[in-house]
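Asker: with the sequence up front, the predicted model follows.
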Amino acid sequence: MIPPTLSYNRKLNNGHDFTATLALTDRVNSAYLGKSLGKLSEYHHGVSGEVFAVDSRTLHIKDFTYDGQGP
């Protein structure tokens with residue numbers, strides 16, 4: 001089964017496009033999550049989780065939470 005995803009697209013100030021896709025899953029296929037980059041800062045909407053750099057283009061966010069009330 002393919003997990004549901006959320007996509008975010010934005011034009012940056014330098015004219016480049018930024019796209020992020022988040023796969024929503026409760027399973028990890030491997031014990032190695034990547035290099036730990038630290039925890040997300042909770043400024044608004046109950047955002048939390050720990051960020052890992054899997055490779056040069058992929059971030060893994062472990063235990064991601066969000067209240068769903070923001071934009």
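Answerer: Looks like it arrived, so ask away. Residues are numbered from 1 along each chain as shown.
Asker: burial measure for H60, as a count.
Answerer: When neighbours are defined as other Cβ atoms under 10 Å, H60 has 20 of them. Quick note: C-beta positions are derived from backbone N, CA and C, even for glycine.
Asker: distance from the helix or strand hosting it to the middle of the chain?
Answerer: Element membership for H60, per DSSP states H and E: strand 58-65. Relative to the mean C-alpha coordinate of its chain, strand 58-65 is positioned 5 Å out (Cα atoms, centre = their mean, to the nearest Å).
Asker: what lines up beside the one helix or strand Y8 maps to in the sheet?
Answerer: Using DSSP H and E, Y8 sits within strand 5-11. Strand 5-11 sits in its sheet next to strand 17-23 (antiparallel), going by DSSP bridges.
Asker: now do the partner strand, average pLDDT.
Answerer: On average, the pLDDT along strand 17-23 is 70.
Asker: could you do stretch 39-50 as well?
Answerer: On average, stretch 39-50 scores 84.
Asker: contact partners of that stretch?
Answerer: Stretch 39-50 is contacted by residues 36, 38, 51, 61-70 when judged by Cβ atoms under 8 Å, 6 or more residues apart in numbering.
Asker: alpha carbons only: can I get that stretch in CSV?
Answerer: The C-alpha trace of stretch 39-50 is given here as CSV (Å, rounded to 0.1, in the frame of the first residue of the first chain):
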residue,chain,number,x,y,z
LYS,A,39,14.2,18.3,17.0
LEU,A,40,11.6,20.6,15.3
SER,A,41,10.9,23.8,17.2
GLU,A,42,7.3,24.1,18.4
TYR,A,43,6.4,27.7,17.5
HIS,A,44,2.7,27.1,16.6
HIS,A,45,0.1,24.3,16.1
GLY,A,46,1.7,21.6,18.2
VAL,A,47,4.5,20.9,15.6
SER,A,48,7.0,18.4,16.9
GLY,A,49,9.3,15.6,15.7
GLU,A,50,12.9,14.7,15.2
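Asker: follow-up on the earlier one: buried subset of the contacts of stretch 39-50?
Answerer: Among the contacts of stretch 39-50, those classed as buried by neighbour count (16 or more other Cβ atoms under 10 Å) are 51, 61, 66.
Asker: in JSON lines, list the residues you listed along with distance to F18.
Answerer: Below are those laid out as JSON lines (distance: Cβ to Cβ, whole Å):
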{"residue": "V51", "distance to F18": "17"}
{"residue": "I61", "distance to F18": "17"}
{"residue": "Y66", "distance to F18": "19"}
